[in-house]
Structure formats: structure tokens, C-alpha cells
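Colleague: Structure for the following, please:
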Amino acid sequence: MKRFALTLLAILFTVNSALAVESATEERLDEVAERGVHVMPFDLERTLHVFSKTAQGGVQQVIAKDDADTEQIMLIREHLSQISQAFRQGDFSGPAKIHGEDMPGLAELRTAQPGQIAILYQELPNGAEIDYATENTALIEAIHKWFDAQLSDHARHAVPGHPHHLHHGH
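Modeller: The predicted structure is shown next:
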């Protein structure tokens, strides 16, 4: 737990104002959280989303706030594994159910050809991550918009990643 707290503090203190995303209204945050319960099996209050933009796309992490919370870690891994498979098939229905069909970046991501975006799932000690990478600049921009929308809509349960993740290797 101490390691997580230090990591969280590092994330929060290293985020510069250029990466800041304005959070949605309280009403929107409530709506998104309510819809999220029907799509995401883990407890938003016991987990944290981290969205790190990279030059090739981005890394989406979901981690348990308590490293010993094996139930949440298992639920995170199951969900991220399933959605990464769906995303590889062009199925972004989960985010659409939570954020709406007009979610920024979503329409562009749905037009990607199979394999045009490398979508790599990986387990973490306290959760899991999905790494999105492409050479297509329009799709990189769409991933960045999509991450910004998620940061805004999940403001109570999400933070932008820190600079370390901007150099995430492939």
C-alpha cells in the first residue's frame, strides 16, 4: 500500500498543466459511473485508471488502490483482457455504453483496419494495462482524444500518466 501511495503521489505531482484535462460536470460524472457499473466489473472506488499518452498512442492502466486486494486485481485483469480482445476486433461497444456513441476519438478508432493499432494486454502486479500503438497519426490523435474523454468522464477515478510512461517501449 505504501508503494502505491508513493506512486500515486509521483503521478499527481509530475503531471504538468499542459496534460491537465478538465473534468466533466458532477452530473456527467455520476451518469458515467452509473453506466460503468454495467460494463466494468471492478469497484471504481477501489481502483484507479491511469491514461498515459505516448508518441505511438497510449497506455491505459487500471490498478487496485490496495496491492493486497486480490478480488479487484482479478476483476481488472479479466475485464482488460476481454476488452483488449474486443478492441482488436474493432468492437468498442464497451466504451460507447459508458461514454456515449459520440465519445471523442471513438468513431476514428472504429474505422481502424485489423492490425492497424497494436493492442497489447499485460498484467501488472496490482492490475493490468493495455498498450495502444500505431504509426497512423490520425489514429494516434484519436487515441489521445479518447484518453482525454476518459480522463474527463472518470475524473474521480482516473489520472493522467506521468512522463515515465511517455517513453513506454514496444
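Colleague: center of this structure, which residue is that?
Modeller: Centroid-nearest residue in the chain: Gln60, 3.6 Å away (criterion: CA atoms, centre = their mean).
Colleague: Could you list every helix and strand in contact with whichever helix or strand Leu75 is part of?
Modeller: In the assignment (DSSP states H and E), Leu75 maps to helix 70-88. Contacts defined by 3 or more CB pairs under 8 Å, 6 or more residues apart in numbering; DSSP states H and E place helix 70-88 against strand 57-64, helix 93-99, strand 118-124, strand 127-133. No exception for glycine: its C-beta is placed from N, CA and C like everyone else's.
Colleague: for the second one, which positions count as buried?
Modeller: Think helix 93-99. Gly94, Pro95, Ala96, Ile98, His99 (16 or more other CB atoms under 10 Å).
Colleague: isn't the second one right up against Asp102?
Modeller: No: no contact is recorded between Pro95 and Asp102 when judged using CB atoms under 8 Å, the distance being 11.5 Å.
Colleague: And the contacts of the helix holding Leu75?
Modeller: If you take CB atoms under 8 Å, 6 or more residues apart in numbering as the criterion, helix 70-88 is touched by 40-43, 46-47, 60, 62-64, 66, 92-94, 109, 114, 117, 119-121, 123, 126-130.
Colleague: With just CA atoms, put it into CSV.
Modeller: Extracted in CSV, the C-alpha atoms of helix 70-88 (Å, rounded to 0.1, in the frame of the first residue of the first chain):
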residue,chain,number,x,y,z
THR,A,70,-6.8,-9.7,-5.0
GLU,A,71,-10.5,-9.6,-5.8
GLN,A,72,-10.2,-6.3,-7.6
ILE,A,73,-6.9,-7.3,-9.3
MET,A,74,-8.6,-10.4,-10.7
LEU,A,75,-11.6,-8.4,-11.9
ILE,A,76,-9.4,-5.8,-13.5
ARG,A,77,-7.4,-8.4,-15.3
GLU,A,78,-10.4,-10.2,-16.6
HIS,A,79,-12.0,-7.0,-17.9
LEU,A,80,-9.0,-5.6,-19.5
SER,A,81,-8.1,-8.9,-21.1
GLN,A,82,-11.7,-9.2,-22.6
ILE,A,83,-11.9,-5.6,-23.8
SER,A,84,-8.4,-5.7,-25.4
GLN,A,85,-9.6,-8.8,-27.4
ALA,A,86,-12.8,-6.9,-28.4
PHE,A,87,-10.8,-3.8,-29.4
ARG,A,88,-8.5,-5.8,-31.6
